[in-house]
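Q: Turn this into a structure:
(chains A and B)
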Amino acid sequence: GAVVSQHPSWVICKSGTSVKIECRSLDFQATTMFWYRQFPKQSLMLMATSNEGSKATYEQGVEKDKFLINHASLTLSTLTVTSAHPEDSSFYICSATQFNEQFFGPGTRLTVL
Amino acid sequence: EDQVTQSPEALRLQEGESSSLNCSYTVSGLRGLFWYRQDPGKGPEFLFTLYSAGEEKEKERLKATLTKKESFLHITAPKPEDSATYLCAVQEGTSYDKVIFGPGTSLSVIP
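A: Modelled structure (predicted):
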């Protein structure tokens, strides 16, 4: 199957700082990527749909000014958590679609102190 | 409103004890139903895609089936390494690639 990578796999930051997470499709091109967050023992919650060359589409309740998404190329999407606070601590997962099947990255564990 | 539910929430099986996980959905026109396996601290791993009622797919000890209202993931003679959370997701007819995830079933297989 298709391979999706994320970097970093984990990050700890101080409250008020910004954190950038990268999502790459390694062996295919993805015009659409998705960003999810997952709290402990809960399912994945879609945050936004990232479209190459255009603005991301955010789900209801997700602050677009706080979670900045950039999809600069067909293999790279980035999620920047701006002015992070402890409540932003979570597991962030990206996915990319190939032939109508979504393949997920390994996730990034964000801890905001 | 599109919805995906899964049952049971948690399942504990003895090694070799076969069982089934359920995924029920209400969407306006199913485009595809997906099963994933997720291990703790990792991203979901793709297992199956089902597109139409009556379709079945198999992979090792897993078999996925689909009806018009639900999907089952059958696990035959499970082993401890099958322990994981199994997620179901559905793609609605007009949502292009976007999918809706169910809450998952946490499976524990005891040696």
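
Q: any idea how far the longest strand seen in chain A is from the chain center?
A: Taking DSSP state E as the criterion, chain A has its longest strand at strand A:90-98. Its chain's C-alpha centre and that of strand A:90-98 lie 6 Å apart, by C-alpha atoms, centre = their mean, to the nearest Å.

Q: Could you pull up phi and psi at B:Glu81?
A: Here is the backbone geometry of B:Glu81 (degrees, to the nearest 10): phi -70, psi -10.

Q: try the one 10 residues further on
A: The phi and psi values for B:Gln91, taken as degrees, to the nearest 10, are phi -120, psi 120.

Q: What residues are bridge-paired with it?
A: Beta-bridge pairing of B:Gln91, defined through DSSP bridges, involves B:Gly32.

Q: can you pull out the strands in the chain?
A: Unless you meant another one, I'm taking chain A. Assigned by DSSP E, chain A shows strands spanning A:4-7, A:10-13, A:19-25, A:32-38, A:45-51, A:57-58, A:67-73, A:76-81, A:90-98, A:101-104, A:108-112.

Q: that's the wrong chain, I meant chain B
A: Going by DSSP E, chain B shows strands at B:3-7, B:10-14, B:19-26, B:30-38, B:45-50, B:56-59, B:62-66, B:70-75, B:84-92, B:100-101, B:105-110.

Q: In terms of secondary structure, what does the longest strand of chain A contact?
A: On a contact count with 3 or more C-beta pairs under 8 Å, 6 or more residues apart in numbering or on different chains; DSSP states H and E, strand A:90-98 meets strand A:4-7, strand A:19-25, strand A:32-38, strand A:76-81, strand A:101-104, strand A:108-112. Where you see a C-beta, it was placed from the backbone N, CA and C, and this is true even at glycine.

Q: With mean pLDDT as extra columns, can I get the strands of chain B in a markdown table?
A: Shown next, in a markdown table, are those (pLDDT from 0 to 100):
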| stretch | mean pLDDT |
| --- | --- |
| strand B:3-7 | 93 |
| strand B:10-14 | 97 |
| strand B:19-26 | 96 |
| strand B:30-38 | 93 |
| strand B:45-50 | 93 |
| strand B:56-59 | 96 |
| strand B:62-66 | 97 |
| strand B:70-75 | 98 |
| strand B:84-92 | 93 |
| strand B:100-101 | 90 |
| strand B:105-110 | 97 |
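
Q: Need those in CSV (columns: mean neighbour count).
A: Shown next, in CSV, are the strands of chain B (neighbours: other C-beta atoms under 10 Å in any protein chain shown):
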stretch, mean neighbour count
strand B:3-7, 17
strand B:10-14, 14
strand B:19-26, 18
strand B:30-38, 21
strand B:45-50, 19
strand B:56-59, 12
strand B:62-66, 20
strand B:70-75, 20
strand B:84-92, 23
strand B:100-101, 20
strand B:105-110, 17
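
Q: give me the residue from chain B nearest chain A.
A: Residue nearest to chain A within chain B: B:Gly43 (3.8 Å; C-beta to the nearest C-beta).

Q: Which residues of chain B lie near chain A?
A: For chain B, the residues in contact with chain A (C-beta under 8 Å from any C-beta of the partner chain) are B:31-32, B:34, B:36, B:41-46, B:49, B:87, B:89, B:91, B:96-104.
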